[in-house]
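A.B. asks: All I have is the shape, not the residue letters:
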């Protein structure tokens, strides 16, 4: 891998990691503590914020795949592929379940029973954080 590939990979992986940490573990839970923010309003805001995060994640996924296709990096490649698998499961399987549940709340039909899908999503977010951190550190060590 030449010098540009690792630099791009490091930048994307660490910015992606920072975004996930800031949005999933700070913004998401804290918005419901703000004065006047109802569950319905918080869900509406959350949908917009997570839609934006997921769009950026898809761009980052394309960039990382392009960088690794251009110059495979060994261990970071496996970690990035695992991260992409986590994102695919989140967007393809877990988010639709959460979306249906939030549709009920946003439509004013009340709050449906608690769902484990949210805990599953959080578990995938934790896995994504670990994988992104490991990919970044592995790339950093490999280029040192």
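C.D. replies: Now that the structure is in, tell me what you want to look at. Bear in mind that the values here come from a model prediction, so they are computed numbers and not experimental data. Numbering: from 1, shown residues only.
A.B. asks: May I ask which helix or strand encompasses the closest residue to residue 77 other than its chain neighbours?
C.D. replies: Leaving out its chain neighbours, the residue that sits closest to residue 77 by C-beta to C-beta, 6 or more residues apart in numbering is residue 68, at 5.0 Å. For every residue, glycine as well, the C-beta is placed using N, CA and C. Secondary structure from DSSP states H and E places residue 68 in helix 39-70.
A.B. asks: can you give me how far that helix is from the chain middle?
C.D. replies: Taking C-alpha atoms, centre = their mean, to the nearest Å, one finds the center of helix 39-70 at 6 Å from the center of the full chain.
A.B. asks: ok, now stretch 87-96?
C.D. replies: 10 Å.
A.B. asks: Averaged pLDDT, that stretch. What do you get?
C.D. replies: The average of the pLDDT scores along stretch 87-96 is 96.
A.B. asks: coming back round to it: quick check: buried residues in the helix holding residue 68?
C.D. replies: 42-43, 45-47, 50, 53, 57, 60-61, 63-64, 67-68 (16 or more other C-beta atoms under 10 Å).
A.B. asks: again, but for stretch 132-144
C.D. replies: Buried, per 16+ other C-beta under 10 Å, within stretch 132-144: 132, 134, 135, 136, 137, 138, 139.
A.B. asks: wait, the first one sits on residue 13?
C.D. replies: Yes: under the contact definition of C-beta atoms under 8 Å, residue 132 touches residue 13, with a separation of 5.4 Å.
A.B. asks: center of this protein, which residue is that?
C.D. replies: Closest residue to the average C-alpha location of the chain: residue 20 at 5.1 Å, with C-alpha atoms, centre = their mean.
A.B. asks: Specify the angle between the helix or strand encompassing that residue and helix 39-70 in degrees.
C.D. replies: With secondary structure defined by DSSP H and E, residue 20 is part of helix 4-22. Helix 4-22 runs at 170 degrees relative to helix 39-70, counting by axes from the mean of the first three to the mean of the last three C-alpha atoms, to 10 degrees.
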